[in-house]
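Chemist: generate coordinates for the sequence data below:
(2 chains)
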Amino acid sequence: MQSVDLGWWGVLIAVLGGAIRVSTPYLFVSLGETITETCGRVNLGLEGILVLGAMSGYATAWATGSPWLGVLVAGMAGAGLGLIHGGLCNLPRVNDIAMGIALFLFGTGLAFYLGKPYTIAVAPRLPHLALGAWSRAPQVRSALEINGLFLVGVVLAPALAWALRQTRVGLILRTVGDNADAARTFGFPIERTRVVGTMVGGFLAGVGGSFLSLYYPGTWNEGLSSGQGLMAVTLVIFARWKPVACCYTALLFGAATALGPALQSIGITTNYYLYGAAPYGLTLALLIWSSRPQHTLAGAPQELTISK
Amino acid sequence: MTPPTVQIDGMTKRFGTLTALHEVSLTLTPGTFHAILGENGAGKSTLVKCLMGYHRPDGGRILVNGQVQAIGNPRAAHALGFGMVYQHFTLVPSMTVAENLVLGQADAPPVLRWEVLRTRLEAFLKTMPFRLDLARTAASLAAGEKQKLELLKQLFLGSRVLILDEPTSVLTPEEADQILRLLRQMSTERRLTVVLITHKLREVLPFADEVTVLRAGERVGGGPLTALNQEELVRLMIGSMTLPRADARVPRPAGAPALEICDLAVRNDRDAEAVRGASLQVGAGEVVGVAGVSGNGQRELVEVLAGQRVPDRGAVRIRGERYHGRRPEKLRHGVSVLTEEPLQGAAVRAMSVAENLGLRNFDLPECTAARWFVSRRALWTQAQELMRRYRIRAQSPGTRLDTLSGGNVQRTMLARELSGPVHVLVAQNPCAGLDLAATADIRAQLLATRNQGAAVLLLSEDLDEILELSDRIVVMFVGRIVYETTRDRAELQAIGRAMAGHP
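Modeler: Below you'll find the model as predicted:
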């Protein structure tokens, strides 16, 4: 098939397609962190969970031939690390920020150690929907290849928002995160809720990691994640702890990441690495914007260590 | 359904080596209004927290309708029909009024059907004497409304024995009366047994049937209120202790304005306007009392004067000069600030008493050696002198500040802020949570500072304190000064109305 010259439209389409592709791990990690932070815990170990999820998902898919089984195992690995984090943070005087950094190092280290043999293995990739089949332009067709996990995430976000508002468990989660004293007077189990919240958050982050190795870029190597897990924490702050807003911000971050490759596709290769730094620049800008000294973050769960 | 008979029998609770409760017994007859009176630290809160399953008692038992009940957690207490309104709000700030009301329901289904619940809530609210908008978030409610919501929550939960821990401290006098009258009526109708924990006799006398007085963790008296009068109750509460007497108020006209606040606007932590164009003057040798329900901008105003917060607009002048709360300005003009909750906002918990006392002057010549080094010896000597003068009870100047009692922490703050030359003193709730002796002591010091010619700005939630100390009284409401009167013309009714926003 011949490439059709679309000029600057090509950049826009490539950024859009890239945004959808790249945003998926951001989306899952940030939804997971939203759940964890809603019940009053911060998990900075998400980067470690993401990398371990990528590795375990890839290995499982290679061994069983089923990429979806890989996604499940990645999620379980994430939930396991979440259990470690949640459990240890319940001990008296354990700081969840320091614990998260330890988990980050532990997760990546473990993944690199266990993942060595799989760098040369080839695992099956996750399927996608070809929504661009109608078009003759290959750029459009590649941009509209929507992966299955992205769709799952897009459905998950409003479902999560609904659950936080409309279900008993959702109200308990928010109470524990916003006023632990109130939760105590109602006899809600604070510690158990936080462990479960951290595990569910870890599960979603693990799933996000499996996307990296099983769809895009679609291989396993040690440089697979470049801080997506940490940036997702910023993203949650920017999304004001609202699941649906996580969708939009994940797309925004995805678009920033896709900028460099998109410009490259129309032949602009100067400053390629500068464009590659766009998501990091965006993270910094958002952090500065959202942390003025005069006020605390509106919408932040009051039991978070960063709110106190 | 009538409330159950509740007997507390020989309740004992120890925290480490401290015995907070020693064999306290009392009986709650169905449909009575029972007051538990006592000073701060007498063990009132500990007693009811044992009843609510918050604390595990070290001795004694609880009988409900004659049967021994082990109450291991608040859920078990709820199941028996006990409900409590705590001193600190237990609302979830980000949730709506409706969500807060539904939250505690033990039988709430896994998926909440809001249309059905809302109809039920509306029907319930129709039976109540006051209304709240179900869709507002708890964070947006004023303190009085929050207290009403706490009460509604307990009634909606179907509590039969309702315990209130100092419920009126955040209310205007009218609001307090309104709520107490409602509770009185519900107990007369035998729908509710009310247990009111308080140290204010004013709330006990018109409403309660029975009273139990606690002192230092022991029951020292009580019974039907008809058999006791006010003097006896006070004597039971404070024991044989004599209170320090304040110096007489030296009559003097207010001098030139020492502290001027002009059209000040300040935002709070949530980026909402807390102070909205407040203007105020305090003359030398004058106490200006700022009354108001907490949360009307008092904290933010004090934080500006302490240099902890930057105002949006407006100006503060001290003796005619612009003031920004910086350290050289404070030292030059003799500005002292006593913020509320000193351990959070005005002292370093983990430092010693001596170090905390030296925070104002540790790098000035009197406390340094060879100009650049802090002299531990000078700090120590200074602390010994101040501890004697201000009667701070600590083992030594080297004791950590956060091991001291509330009264001694506050005396340490007073010693630090008042020992140098003082021209302007700002104090917010200086006696909150202190016992009667410490309260009398600190009020006497404030008055003495005024008599020496300092301008004193006193912000307090305690109207009695304002009326006792102030030469001039103003009321702060939603970030503005809405009412002003002099000491001689002060009327409790008018001040109360202004506090509620109806001048």
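
Chemist: for chain A, what's its nearest residue on chain B.
Modeler: Closest residue of chain B to chain A, CB to the nearest CB: B:R75 (3.2 Å). Glycine gets a C-beta too; all of them are placed from N, C-alpha and C.

Chemist: just to check, that residue is in contact with B:F82?
Modeler: No: taking contacts as CB atoms under 8 Å, B:R75 lies outside contact range of B:F82: 10.7 Å.

Chemist: check contacts around residue 15.
Modeler: You didn't pick a chain, so chain A it is. A:A255, A:A258, A:L259, A:A262 (CB atoms under 8 Å, 6 or more residues apart in numbering or on different chains).

Chemist: tell me the contacts of the second one?
Modeler: The contact partners of A:A258, taken as CB under 8 Å, 6+ apart, are A:A14, A:V15, A:G17, A:G18, A:A19, A:R21, A:V22.

Chemist: quick check: which element contains it?
Modeler: helix A:243-265 (DSSP states H and E).

Chemist: list the buried ones in that helix?
Modeler: A:243, A:245-263, A:265 (16 or more other CB atoms under 10 Å in any protein chain shown).

Chemist: what mean pLDDT does the very next helix or strand once past it have?
Modeler: Toward the C-terminus, helix A:243-265 is succeeded by helix A:272-276 as the next helix or strand (DSSP H and E). Mean pLDDT, helix A:272-276: 82.

Chemist: do I have it right that A:P158 meets A:C246?
Modeler: No: counting by CB under 8 Å, A:P158 stays clear of A:C246, with 10.6 Å between them.

Chemist: partners of the nearest residue to B:V68 once chain neighbours are set aside in the sheet?
Modeler: Nearest residue to B:V68, sequence neighbours excluded (CB to CB, 6 or more residues apart in numbering or on different chains): B:R61, at 5.3 Å. With DSSP bridges applied, B:R61 shows beta-bridge pairing to B:D9.

Chemist: got the contact list for B:R61?
Modeler: Counting by CB under 8 Å, 6+ apart, the residues that B:R61 touches are B:D9, B:G10, B:V68.

Chemist: quick one: low-confidence parts of the chain?
Modeler: Let's take chain A. Segments of chain A classed as low confidence (criterion: pLDDT under 70) are A:1-5, A:292-298, A:307-308.

Chemist: switch to chain B, that's the one I care about
Modeler: Across chain B, the ranges flagged by pLDDT under 70 are B:240-247, B:503.

Chemist: any idea which residue of it is furthest from its center?
Modeler: Residue farthest from the centre of chain B, counting by CA atoms, centre = their mean, is B:A370 at 44.9 Å.

Chemist: quick one, phi psi at that residue?
Modeler: Here the main-chain torsion angles of B:A370 (degrees, to the nearest 10) amount to phi 50, psi 30.

Chemist: ok, now how distant is it from B:L364?
Modeler: B:A370 is 14 Å from B:L364, where distance means CB to CB, to the nearest Å.

Chemist: and for the residue of chain A found nearest chain B, the neighbour number?
Modeler: Using CB to the nearest CB, A:G187 is the residue of chain A that sits closest to chain B, at 3.2 Å. Neighbours of A:G187 under the rule other CB atoms under 10 Å in any protein chain shown: 18.

Chemist: just give the nearest non-adjacent residue to it, would you?
Modeler: Using CB to CB, 6+ apart, the nearest residue to A:G187 is B:R75, at 3.2 Å.

Chemist: which helix or strand lies directly C-terminal to whichever strand or helix holds that neighbour?
Modeler: Using DSSP H and E, B:R75 maps to helix B:74-79. Going down the chain from helix B:74-79, the next helix or strand is strand B:82-85, by DSSP H and E.

Chemist: quick one: that next one near chain A?
Modeler: Yes: shown here: strand B:82-85 in contact with chain A (CB under 8 Å from any CB of the partner chain) through B:M84.

Chemist: what helices and strands are in contact with that strand?
Modeler: helix B:143-156, strand B:161-165 (3 or more CB pairs under 8 Å, 6 or more residues apart in numbering or on different chains; DSSP states H and E).

Chemist: contacts for it?
Modeler: In contact with strand B:82-85 (CB under 8 Å, 6+ apart) are residues A:185, B:6, B:48, B:51-52, B:71, B:77, B:147, B:150-151, B:154, B:157, B:159-165, B:167.
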